[in-house]
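*Asks:* Build me a structure from this.
(2 chains)
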Number of protein chains: 2
Amino acid sequence: MTQSREIRLKSRPDGLPSAANFEVATVDVAAPGAGEVLVRNTWMSVDPYMRGRMTDRASYVPPFALGEALQGGALGEVVASNAEGFAPGDLVSSFFGWRESFVAPAAALEKLARAANVPDQAYLGVLGMPGHTAYAGLLEIGQPKAGETVFVSGGAGAVGSVVAQIAKIKGCTVVATAGTDAKCDWLRARGVDHAINYRTCGDLLGAVRAAVPKGIDIYFDNVGGEHLEVAIEVARPYARFAECGMISGYNAAEMTGPRNIIQVVGKSLRIRGFIVSEFAALRPQFLADMTGWIADGRIKWEETVLDGVEKAPDAFIGLFSGGNTGKMLVKL
Amino acid sequence: MTQSREIRLKSRPDGLPSAANFEVATVDVAAPGAGEVLVRNTWMSVDPYMRGRMTDRASYVPPFALGEALQGGALGEVVASNAEGFAPGDLVSSFFGWRESFVAPAAALEKLARAANVPDQAYLGVLGMPGHTAYAGLLEIGQPKAGETVFVSGGAGAVGSVVAQIAKIKGCTVVATAGTDAKCDWLRARGVDHAINYRTCGDLLGAVRAAVPKGIDIYFDNVGGEHLEVAIEVARPYARFAECGMISGYNAAEMTGPRNIIQVVGKSLRIRGFIVSEFAALRPQFLADMTGWIADGRIKWEETVLDGVEKAPDAFIGLFSGGNTGKMLVKL
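*Replies:* Numbering: from 1, shown residues only, chains lettered A, B, ... in the order given. A predicted model of the protein is given here:
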């Protein structure tokens, strides 16, 4: 019998989540039945979207249940298999994160080929959901053309850092925001034309205007709030907005909307929210492009890693204070 | 020498325009030179978008100049012509509204065929810019499919009333708002499924939810403000928003944005502002469809008519209190 520690949602956060909203429990994991696989997780992901599932309301995914283990993207190694096509040692991805080991039907797992030039955990970052989100949102919704200007908020995050680099690959001028000077330096080293520390710039609208006086053609939004208002203000006619997330509002009791929303009409703006699952069919093309760009050194990434499943709440909470550069991960 | 009265912008409105912002002047109109035409206007249009041009700021059309005649859509009759293709008695449309007579190069005029079953002034309404706006915004941006639900604000206005009726022609359920019971009755008589008097319903969100509990697939926005917030709240996943106008904000010093904008992400909403000129190429198809629907009795319209160019400011100001049912016109 295998034992597994898991993180459960103890209470629903009111505002910013705290350690008290989570609890660690140890459970017994049975041997895999027919068609099932026993997996030991090696890496798990924490992502801003999980905050939405901690609130009890209807959304595109159901809320997490109180007293049950949280879920999320994870990578693991097959320990025992009772299912065709899976053998001990195989690398698999699943949505059974926030736990050390689990048994699941083979259909709930995806077997991954270990890539030569990337560590496994890249499948939770540049080669996983965040990378796919960046790729699909920028290319499908943003439709960038060489010479255009792309504004990305949360530019040093798991999604934003990939958006910024793909935009450079596509020949765009890129202005990105991040919350520390070190993150801005990283962005500049990656070729980003204008990196703005939104915490210290004083006047975000002024800083973006000064960086790109002619305005922006594409806004890739991870932040919402003031960033969205600034993007509307500097948008050129027919600008495309890929609304990927609004982390500034995830813990807010009440948000304010962009006061300049009326400009959507006069500038013929196109604002489109999306969930990466809408673009699932792009995955082979995404993986082919991304592995090529990684091999060519055109896409690089940072990771922030915490050790041990018991650190998963800290890792998750850290997302909201910008504690991560690049992808926030928990090594199990 | 012909004399013409014209309405000039005397001062820029601060908030709701008032009569004091306008002045009547009489000018001499010279005989047409080579390639020019003398036109006596018979009808002129006032439209909400003109409010934007009364403020001194960059937009998709330049602001009106102080001390000069206002401009806008107008119909007139050729009085004298020095240009090939135009003869006295011809019906022409132009953007030289807010004046009784004018001389212009032939290229600034469009000669119109008088339609058998519609009065001339329909070219300023259902067959003109407002009709074209409704047609293009609903069909191109909204992409309505039979069985879907369409929400239109300002449903009894020049644009909204056409949107509501085309949506019915396309087999949609339609919920529309208007500001008087009489306007709501008119909408119901035109087949609109749910007409809501937004001034008296008390709780607009509750009223729309009660009318269409399963939510909306398309929102055609003429109003903005609370209406937009309600539309976001009741939008189904992947709903399309055709942002045509936000009259509730045109006279406001500061607007508030939709506080629930974050739902754009989770519901994958598509919010797209537009100006009818983007869809200029649709005009022949629009005219063919619309004249057919009018002949079949499937599109009807109302007009609110004021007499004399000196009444143009009153007509324009009346748009913001909902003084019009259907198209607001001035007969010259």
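*Asks:* residues from the stretch 51-200 of chain A in reach of chain B?
*Replies:* A:Gly52, A:Ser59, A:Tyr60 (C-beta under 8 Å from any C-beta of the partner chain). Every C-beta, even on glycine, is put in place using the N, C-alpha and C of the backbone.
*Asks:* Which of those fall in helices?
*Replies:* Among these, the ones falling in helices (DSSP state H) are A:Gly52.
*Asks:* Could you provide the residues of the stretch 51-200 of chain A next to chain B in a markdown table, with additional columns for neighbour count?
*Replies:* Listed next are those as a markdown table, based on neighbours: other C-beta atoms under 10 Å in any protein chain shown:
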| residue | neighbour count |
| --- | --- |
| A:Gly52 | 18 |
| A:Ser59 | 16 |
| A:Tyr60 | 15 |
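*Asks:* Just put the residues of the stretch 51-200 of chain A next to chain B in TSV and tack on distance to A:Leu16 and pLDDT.
*Replies:* Shown next, in TSV, are those (distance: C-beta to C-beta, whole Å; pLDDT from 0 to 100):
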residue	distance to A:Leu16	pLDDT
A:Gly52	14	90
A:Ser59	19	76
A:Tyr60	23	75
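*Asks:* Now do the strands in the stretch 51-200 of chain A.
*Replies:* A:74-81, A:91-94, A:101-105, A:110-112, A:149-152, A:173-178, A:194-197 (DSSP state E, counting those that start in this stretch).
*Asks:* model confidence over the last one, on average?
*Replies:* Meaning strand A:194-197. The average of the pLDDT scores along strand A:194-197 is 98.
*Asks:* Name the residues that touch that strand?
*Replies:* If you take C-beta atoms under 8 Å, 6 or more residues apart in numbering or on different chains as the criterion, strand A:194-197 is touched by A:155, A:173-181, A:183-185, A:187-188, A:204, A:207-208, A:211-212.
*Asks:* Filter these down to the buried ones, ChimeraX style.
*Replies:* Only the buried entries of the contacts of strand A:194-197 go into this ChimeraX selection, using 16 or more other C-beta atoms under 10 Å in any protein chain shown:
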select /A:155,173,174,175,176,177,178,179,183,184,187,204,207,208,211,212
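*Asks:* And the helices in the stretch 1-150 of chain A?
*Replies:* Ranges of helices within the stretch 1-150 of chain A are A:50-53, A:129-136, based on DSSP state H, counting those that start in this stretch.
*Asks:* My error: substitute the stretch 151-300 of chain A in the last question.
*Replies:* Counting by DSSP H, counting those that start in this stretch, the stretch 151-300 of chain A has helices at residues A:160-169, A:181-189, A:204-211, A:226-234, A:263-266, A:283-295.
*Asks:* Among the ones you listed, show me which one is buried the most.
*Replies:* Highest mean neighbour count among the helices of the stretch 151-300 of chain A (mean count of other C-beta atoms under 10 Å in any protein chain shown): helix A:160-169, with a mean of 27.
*Asks:* Show me the contact partners of that helix.
*Replies:* When contacts are defined by C-beta under 8 Å, 6+ apart, helix A:160-169 is touched by residues A:126, A:130-131, A:134-135, A:137-139, A:142, A:144, A:150, A:152-155, A:174, A:176, A:178, A:186-187, A:190-192, A:218, A:220, A:222, A:293, A:298-302, A:326.
*Asks:* Can you turn the buried part of these into a PyMOL selection?
*Replies:* Isolation of the buried members of the contacts of helix A:160-169 (16+ other C-beta under 10 Å) is achieved in PyMOL through the command below:
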select buried, chain A and resi 126+130+131+134+135+137+138+139+142+144+150+152+153+154+155+174+176+178+186+187+190+192+218+220+222+293+299+301+302+326
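*Asks:* residues contacting A:Lys145?
*Replies:* Under the criterion of C-beta under 8 Å, 6+ apart, the neighbours of A:Lys145 are A:Lys170, A:Gly171, A:Cys172, A:Asp217.
*Asks:* again, but for A:Leu204
*Replies:* A:Thr177, A:Ile196, A:Tyr198, A:Glu226, A:His227, A:Val230.
*Asks:* ok, 6 Å please
*Replies:* With contact set as C-beta atoms under 6 Å, 6 or more residues apart in numbering or on different chains, A:Leu204 has these partners: A:Tyr198, A:Glu226, A:Val230.
*Asks:* Starting from chain B, give me the distance back to the nearest residue to the last one once chain neighbours are set aside.
*Replies:* Distances taken as C-beta to C-beta, 6 or more residues apart in numbering or on different chains put A:Leu205 closest to A:Val230, at 4.8 Å, once the chain neighbours are dropped. Distance, A:Leu205 to chain B, using C-beta to the nearest C-beta, to the nearest Å: 15 Å.
*Asks:* just to revisit the earlier point, how about TSV for the helices of the stretch 1-150 of chain A, with distance to B:Ile247 added?
*Replies:* Below are those laid out as TSV (distance: least, C-beta to C-beta, whole Å):
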stretch	distance to B:Ile247
helix A:50-53	33
helix A:129-136	36
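*Asks:* looking at those helices, which one has the lowest mean pLDDT?
*Replies:* With a mean of 93, helix A:50-53 has the lowest mean pLDDT of the helices of the stretch 1-150 of chain A.
*Asks:* which other residues reach that one?
*Replies:* With C-beta under 6 Å, 6+ apart, helix A:50-53 has contacts from A:Ser59, A:Val61, A:Pro63, A:Phe64, A:Gly72, A:Tyr250.
*Asks:* neighbours around the closest residue to A:Ala178 other than its chain neighbours, how many?
*Replies:* Counting by C-beta to C-beta, 6+ apart, A:Ala178 lies nearest to A:Ala156, which is 4.0 Å off, once chain neighbours are set aside. Neighbours of A:Ala156 under the rule other C-beta atoms under 10 Å in any protein chain shown: 27.
*Asks:* picking up where we left off before, looking at the helices of the stretch 1-150 of chain A, spot the one closest to A:Leu38.
*Replies:* In terms of C-beta to C-beta, the element of those nearest to A:Leu38 is helix A:129-136, at 23.9 Å.
*Asks:* How far off centre is the closest one?
*Replies:* From the chain centre to the centre of helix A:129-136 is a distance of 8 Å (C-alpha atoms, centre = their mean, to the nearest Å).
*Asks:* confidence score at whichever residue of the stretch 151-300 of chain A sits closest to chain B?
*Replies:* Going by C-beta to the nearest C-beta, chain B is nearest to A:Gly257 of the stretch 151-300 of chain A, at 2.5 Å. On pLDDT, A:Gly257 comes in at 94.
*Asks:* mind giving me the domain split of chain A?
*Replies:* Following automatic domain parsing, chain A resolves into domains at A:2-125+A:302-331, A:129-277.
*Asks:* just those: most buried one?
*Replies:* Ranked by mean neighbour count, those are led by domain A:129-277 with a mean of 22 (mean count of other C-beta under 10 Å).
*Asks:* okay, how far is it across it, tip to tip?
*Replies:* End-to-end distance of domain A:129-277 (C-alpha to C-alpha, to the nearest Å): 9 Å.
*Asks:* pLDDT (mean, whole number) over stretch A:244-253?
*Replies:* So the average pLDDT for stretch A:244-253 ends up being 89.
*Asks:* same question, stretch A:318-332
*Replies:* Rounded mean pLDDT across stretch A:318-332 is 92.
*Asks:* got a list of contacts for it?
*Replies:* Residues contacting stretch A:318-332 (C-beta under 6 Å, 6+ apart): A:16, A:41-44, A:46, A:48, A:100, A:121, A:125, A:156, A:158, A:161, A:179, A:183, A:301-307, A:309, A:311-312, A:315.
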